[in-house]
Every structure is written in C-alpha cells, then in structure tokens.
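Enquirer: missing the sequence, but the structure's below:
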C-alpha cells in the first residue's frame, strides 16, 4: 500500500475531529498486536487502514502523538530498574544529558528545580549491570552525585486521556 502524503491534513492542537479523537482513544491502550494493526484500528473506529495511517502520521508530525511504543513490566522480563537523582552543575548539564541518553536503558530523563536537578530512570539486565552503568555515567559525565532510588513497591497506574 502506498501511504498518502499528509500535506493539507496536518491537525493542529485543538483542531482534532471526532475520527482523530476516536483513533487516539483506541491506540492509547488498545493498540492491536497483529500484522495490520491500523486496519484493525480502522475497523474499530469506522475508517480505512489508509485513513488511520494518514491521520496517525499527521498527528505525529504535528506533535500531538509523541511516541508509539509498548510499555513492559521490566521486572517480569527479568530486568531491574531504578530512579536516579543527580546533582549536575549547569555548565556540565548538556554533557551530562548526552552521556545519560547514550544508554538504551534510560527511559526518562528530566530537569527538576531541586538540589538534585536531573532525574532519570534506568533499566538494566541485572543489578550488577545497573551499578556498572551508573559508575560509567558518574565517571564520564562530570556529575557531582547520583543517587540510586530503587522502588520498594511498584504501583502502576494506567493513565489514559479520553478525548
């Protein structure tokens, strides 16, 4: 199938129509795991596979959809994770962020107005590897301090934004 260009169909924030909203509602937590997922979404919302693809691409281009991807429970897959709080000087901030973002196990990385001004989450295949990565980041990134704050108990809240 040829994917049509999305020119003239780029939604802007606040200009979503009912079909855009139905697609977003469907793909938030019910994205089908099958060979033609956009055809399945189309059947659910009353549109063709092509129309769903065009609209999803347009919403991605407009920044309405930031990312499409799966969420996994890392512990059930045998991984370990931690929340990290780092103290980084403003002069070292860009370098620190570049170093941290090199690691595929970093799932979030954000600034905070706090003594520990950069927070990130890190997932690794073992506790040993997780600690090794944190040591590598500490050495390479001119960080003042990194706290590793592993979860004591997991509370996973499903968050959907009905449109």
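Expert: The structure has been received and is ready for your questions. These numbers come from a predicted model, not from an experiment.

Enquirer: C-alpha from now on. contacts and neighbour counts both.
Expert: Will do.

Enquirer: what about the strands in the chain?
Expert: Secondary structure of the chain by DSSP state E: the strands cover 80-87, 106-111, 118-124, 145-149.

Enquirer: which other helices and strands contact the lowest-mean-pLDDT helix or strand in the chain?
Expert: The helix or strand of the chain with the poorest confidence is strand 106-111; it has a mean of 90 (mean pLDDT, DSSP states H and E). In terms of contacts (3 or more CA pairs under 8 Å, 6 or more residues apart in numbering; DSSP states H and E), strand 106-111 is packed against helix 93-101, strand 118-124.

Enquirer: quick revisit: least reliable of the strands of the chain by average pLDDT, please.
Expert: Mean pLDDT is lowest for strand 106-111 out of those, coming in at a mean of 90.

Enquirer: about what we covered before: for residue 93, find the nearest of the strands of the chain.
Expert: Proximity to residue 93 (CA to CA) singles out strand 118-124 among those, at 8.6 Å.

Enquirer: Report the spatially nearest residue to the residue nearest the centre of the chain, omitting neighbours in sequence.
Expert: Most central in the chain under CA atoms, centre = their mean is residue 67, positioned 6.1 Å from the mean C-alpha point. Distance criterion CA to CA, 6 or more residues apart in numbering; nearest residue to residue 67, sequence neighbours excluded, is residue 60 at 7.7 Å.

Enquirer: Would you confirm that that neighbour contacts residue 53?
Expert: No. Using CA atoms under 8 Å, residue 60 is not in contact with residue 53, being 10.5 Å away.

Enquirer: So which of the two has more stuff around it?
Expert: With neighbours defined as other CA atoms under 10 Å, residue 60 and residue 53 compare such that residue 53 has more, 20 against 16.

Enquirer: Number of residues surrounding the residue lying closest to the more buried one once chain neighbours are set aside?
Expert: Among residues not flanking residue 53 along the chain, residue 38 sits closest, at 6.4 Å (CA to CA, 6+ apart). For residue 38, the count of nearby residues is 22 (other CA under 10 Å).

Enquirer: Over to residue 92?
Expert: Using other CA under 10 Å, residue 92 has 13 other residues around it.

Enquirer: so where is the chain shaky, pLDDT-wise?
Expert: Counting by pLDDT under 70, the chain contains low-confidence residues at 1-14.
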